[in-house]
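Engineer: Mind looking at a prediction? Sequence and model below.
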Amino acid sequence: MPLSLVNPIAQDCKMGSEEMAEEKFLVSVRLRPINAKEIEKNDPADWDCVDGTSVVFKPYLPERSLYPSSYTFDRVFGCACDTRQVYDEGAKEVALSVLHGINASIFAYGQTSSGKTYTMCGITAHTVDDIYDYIRRHGDREYVLKFSAIEIYNEAVRDLLIADSLPLRLLDDPERGTVVDKLTEETLRDQWHLNDLLAICAAQRQVGETSLNEMSSRSHQILRLTVQSTAREFTSKDSSSTLLASVNFVDLAGSERAASQVSSASNRIKEGCHINRSLLTLGTVIRKLSKGRSGHIPFRDSKLTRILQPYLGGNARTAIICTMSPARSHIEQSRNTLLFASCAKQVVTNAKVNVMMSDKAFMKHLQREISRLENELRHAGFSTPNDHSDVLQDKDAQIKKMECKIKELMLQRDFAQSRLNDLLQAVVDEQSRQWEESTQASYLHARSNSDDTFSISGLSGIDYQNPQIGNLRCNAQVQVNKFSYHEPLDDQLPPSRTISNPALNELTLHQTKEGIIEEDSEEHCKEVRCVEIHALSDGRANEFNPLNAEREGLVTPTEDTLEKFSPQYAGCIDCVNRADENLNKLGADEFSQSNPVKKVISTRESILTRSNSCMASLMNNSVFSLLEDADQDHETTPKFLSKGISGMPKGVGCRLSIFSDWIEESKASEKVLLSNMAKTADVDEIVQKEIDANVISTEVKNVVDGNNEQPLFADQETQRHQLETIGSEEKQKDGLNAIPCSPESPLQWQLEFLRKQEEIIQLWHACHVSLVHRSCFFLLFKGDTTDSFYMEVECRRLSLLKNIFSHRNASGIVAEDGSRLNPSSSMRYLRQERYRLCKLIGKVFSPQERESLYAKWGISLNSKKRRIQLSQLMWTETDIEHVKESASLVAKLVGFVEQGEETMKEMFGLNFAVQQTHKRSFSWMQW
Ligand SMILES: Nc1ncnc2c1ncn2[C@@H]1O[C@H](COP(=O)(O)OP(=O)(O)OP(=O)(O)O)[C@@H](O)[C@H]1O
């Protein structure tokens with residue numbers, strides 16, 4: 001009669017099977033008696049078995065020892081226990097499960113010479129005896145026993161029933177799992193037959209002499225006895241009583257310590273490696289199984305575990321007998337064995353009674369199963385509404401629970417966020433405070449050193465003291481968007497004045513008897529970066545103190561501001577807010593007519609609105625001569641710039657001076673540019689783009705709109721005059737060109753500076769700007785907070801230039817000398833400049849210096865035209881290191897030797913500052 005399955009291990013997937021309760025491995029430990037060699041070596045027995053379940057380490061262990069002194073298992077067998085007892089108590093029940101259709105495995109695990117083979121031989125024999133005894137006693141069933149045997153030697157599978165077996169392959173069968181291909185399976189005639197086969201296996205097995213065991217098993221041996229039993233009564237009618245199961249007797253090769261301790265023979269070492277590796281995998285599998293079946297279990301990492309996979313914690317009952325020597329010399333291996341046993345103790349099996357069926361019986365079984373499921377389904381159908389409502393209620397409860405949890409988590413998150421914000425704010429406040437302190441200190445220092453009515457602080461804050469209108473402090477740095485001043489007590493003067501300047505943002509004049517502004521304007525609060533009010537004139541006005549102001553009811557700080565800012569800063573903010581309304585009341589003209597500060601404003605306005613001029617000067621070597629010419633015009637040069645300013649840092653002075661030069665010169669070149677642009681075909685588009693991008697001045701728009709009909713090559717003075725006129729008209733309008741450079745803190749500014757610097761370098765590159773200009777600019781503006789404005793100006797005008805250059809129909813810019821600047825001409829200028837620098841290399845540097853320079857710049861000393869090569873290399877890259885090197889080299893060539901920032905500033909101060917003659921001399925421009 002055909003049976004549905006042959007492999008009992010896989011039968012549960014198709015056959016009816018009766019599940020047993022989960023159970024764990026049956027783990028026992030057997031101590032062998034100490035052997036002759038160990039006695040000879042006076043190797044004491046450190047282990048003992050007590051109370052049948054514990055094995056103890058006899059020597060004293062300190063309390064904090066890493067190792068336990070006692071291990072407990074299902075059973076432990078001392079030296080005096082014979083194998084029968086071990087079998088009876090540690091293997092029999094599991095082994096004989098095979099008679100009831102349950103797969104079983106008996107493992108012997110332990111170090112070499114610990115008695116595995118000794119134990120397994122006895123257990124196998126006792127099991128065979130008992131099985132045949134059982135068969136004999138159960139004549140109501142017909143038993144068919146089959147036997148197969150393999151060994152895994154050096155990771156090769158051999159058939160132990162065949163002499164000189166070739167290695168066998170392992171196959172993955174979808175139904176039966178891993179099977180050994182072409183493995184002999186003997187159907188046993190009787191017990192004697194089996195005993196013969198067992199003897200053959202023992203004879204076939206690989207053994208070798210090691211230092212610990214004369215007959216050491218060098219392979220893992222798996223003997224499999226398959227028992228099929230069928231109830232004799234129902235054999236012809238119902239095969240459901242056919243049970244099929246296997247029992248495996250697994251005698252593992254012994255784990256070994258260092259090869260030297262086992263054997264020095266090379267084949268023993270190789271065997272030992274294979275043995276230890278496969279045992280390691282077995283240990284890993286057992287360890288992972290002991291933690292459950294989730295996750296990857298590396299059964300396939302060794303042939304041993306691959307073959308035994310179905311029996312390791314699957315559909316099989318398993319007993320493991322861990323053998324160990326009690327000798328002290330094996331303590332390490334003994335502990336490892338006990339550790340393995342401890343893990344194995346946790347592995348859960350899920351054995352089933354494997355019932356074989358004929359096809360007919362199997363069909364019947366399936367039909368029964370189907371009807372059972374249908375019944376269940378019907379039953380489920382009736383109970384659906386209730387079940388569903390229960391489930392829904394459960395789900396609702398879960399959802400509510402989760403919602404509560406989410407709310408709680410969100411609250412926690414918000415709290416954490418607010419804490420974080422507070423901390424960040426505290427950091428920012430601290431930075432602002434330090435910055436303001438340093439600014440004020442710098443300012444006061446400058447003021448104390450100044451004999452003049454004007455002084456410029458370290459951050460370019462300009463204080464103006466006017467006997468008529470009082471004290472004015474203009475923070476000339478771009479960070480400051482508002483100008484404010486205090487008037488001394490003078491009832492004849494209007495209480496406060498405000499000038500709204502579209503380009504410069506706003507200039508605020510404050511006048512109260514207390515020297516504090518009373519109006520408030522929240523709108524501009526955010527714009528305020530730094531406003532300081534100082535009573536300088538005669539001491540009648542108090543130094544502004546927001547706390548005083550608050551006390552006197554002049555400043556009403558809100559809770560927010562008080563929380564958010566330090567009192568001093570908050571006071572400033574309030575003060576400025578109050579100022580804003582006053583500012584709007586005061587006309588620019590009124591102010592400009594009577595107040596020299598207008599010059600400052602006008603200057604700044606010019607800077608802000610005409611910064612896109614001077615482009616031509618960027619493009620050729622005459623950049624500084626243009627500036628110099630522009631400087632000759634004193635009419636529009638602010639006095640505070642054109643006169644020597646006592647106490648003013650030279651670097652600052654030079655910057656302002658440069659700045660004023662740019663302004664003046666820009667008026668001319670911008671006009672030319674605008675006129676020129678107006679004649680290009682797509683000029684509307686260009687200008688509109690620039691206006692949209694807020695980078696072109698309002699004057700540009702006016703020119704393009706036809707509001708200015710200046711000739712293309714109008715002389716510089718006329719242009720300047722006209723631009724001034726335009727500029728004054730534009731003052732009342734909202735400035736399109738306010739340059740938003742207001743670094744809120746030094747840290748922010750540093751980041752912004754680096755970004756701007758990078759942008760400018762790229763633009764220089766794109767516009768083929770003069771190398772001298774680039775070097776000068778790069779070395780001068782190194783990230784002071786006062787640099788922000790200059791960086792912005794440079795950036796904007798380069799952007800404009802780049803846009804013009806990139807426009808295919810734009811005819812470029814007309815330089816002062818009438819030459820036209822476009823991409824090709826600028827490149828020509830650049831070539832000429834490189835040629836001049838090339839000549840200077842020969843003049844400025846000694847041969848030795850040149851050689852080291854060539855080496856530094858990667859120019860072969862054997863190559864020709866090295867100077868030309870060097871001049872061609874400068875400023876060809878945009879990375880900052882290259883730029884630094886290039887700027888430094890150009891500076892040296894033109895005589896501007898970098899000796900630290902201060903020195904450089906000083907030099908620039910000397911060169912740029914308009915002292916007596918208003919004549920600058922750029923030593924490095926005279927080449
Ligand atoms: N419980 C025991 N009582 C008496 N002798 C034992 C006992 N256990 C082992 N022996 C003896 O110790 C020696 C080594 O035993 P065995 O070969 O079974 O060790 P093993 O663990 O299989 O070693 P290997 O892993 O090297 O094959 C044998 O001579 C064996 O007779």
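Structural biologist: Cool, got the structure.

Engineer: How about the contacts made by Tyr132?
Structural biologist: The neighbours of Tyr132, taking Cβ atoms under 8 Å, 6 or more residues apart in numbering as the test, are 190-191. Heads up, the C-betas are built off the backbone N, CA and C, glycines and all.

Engineer: any idea of the mean pLDDT for whichever strand or helix holds it?
Structural biologist: Element membership for Tyr132, per DSSP states H and E: helix 116-137. If you average the pLDDT over helix 116-137, you get 93.

Engineer: State the phi and psi torsions of Lys190.
Structural biologist: For the record, residue 190 is Asp, not Lys. phi -160, psi -180 (degrees, to the nearest 10).

Engineer: Can you get me a residue count around it?
Structural biologist: The number of residues packed near Asp190 is 11, by other Cβ atoms under 10 Å.

Engineer: Identify the residues contacting it.
Structural biologist: Counting by Cβ under 8 Å, 6+ apart, Asp190 makes contact with Tyr132.

Engineer: measure it to Val128 for me?
Structural biologist: Taking Cβ to Cβ, to the nearest Å as the measure, Asp190 falls 11 Å from Val128.

Engineer: Alongside the ligand, which residues does the stretch 251-400 of the chain contribute?
Structural biologist: For the stretch 251-400 of the chain, the contact set with the ligand under Cβ under 6 Å from any ligand atom comprises 253-254, 323.

Engineer: mind checking the SS state of Gln412?
Structural biologist: Following DSSP: H, G, I helix; E, B strand; the rest coil, Gln412 is assigned to helix.

Engineer: and the residue of the stretch 601-750 of the chain found nearest the ligand, what element?
Structural biologist: Closest residue of the stretch 601-750 of the chain to the ligand, Cβ to the nearest ligand atom: Leu747 (70.9 Å). For Leu747, the enclosing helix or strand under DSSP H and E is helix 746-767.

Engineer: following that helix, which helix or strand comes up?
Structural biologist: helix 771-780.

Engineer: Please name the nearest non-neighbouring residue to the residue of the stretch 601-750 of the chain closest to the ligand.
Structural biologist: Gln431 (6.2 Å; Cβ to Cβ, 6 or more residues apart in numbering).

Engineer: In which helix or strand does that neighbour reside?
Structural biologist: helix 384-448.

Engineer: Next one, pLDDT for the closest residue to Tyr134 other than its chain neighbours please.
Structural biologist: Nearest non-adjacent residue to Tyr134, counting by Cβ to Cβ, 6+ apart: Leu99, 5.4 Å away. At Leu99, the model reports a pLDDT of 91.

Engineer: circling back to that earlier point, mean confidence (pLDDT) on the helix holding Gln431, please.
Structural biologist: On average, helix 384-448 scores 76.

Engineer: got it, and stretch 788-804?
Structural biologist: Here stretch 788-804 scores 83 as its mean pLDDT.

Engineer: Let me have that stretch in CSV, keeping just the CA atoms, if that works.
Structural biologist: Provided in CSV are the C-alpha atoms of stretch 788-804 (Å, rounded to 0.1, in the frame of the first residue of the first chain):
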residue,chain,number,x,y,z
SER,A,788,29.9,93.0,5.8
PHE,A,789,29.0,96.1,3.9
TYR,A,790,32.0,96.0,1.6
MET,A,791,31.5,92.3,1.0
GLU,A,792,27.9,93.1,0.0
VAL,A,793,28.9,95.9,-2.3
GLU,A,794,31.6,93.8,-4.0
CYS,A,795,29.2,90.9,-4.4
ARG,A,796,26.4,93.0,-5.9
ARG,A,797,28.4,94.8,-8.4
LEU,A,798,30.2,91.6,-9.5
SER,A,799,26.8,90.0,-9.8
LEU,A,800,25.7,92.8,-12.0
LEU,A,801,28.8,92.6,-14.0
LYS,A,802,28.5,88.9,-14.5
ASN,A,803,24.9,89.3,-15.6
ILE,A,804,25.9,91.9,-18.1
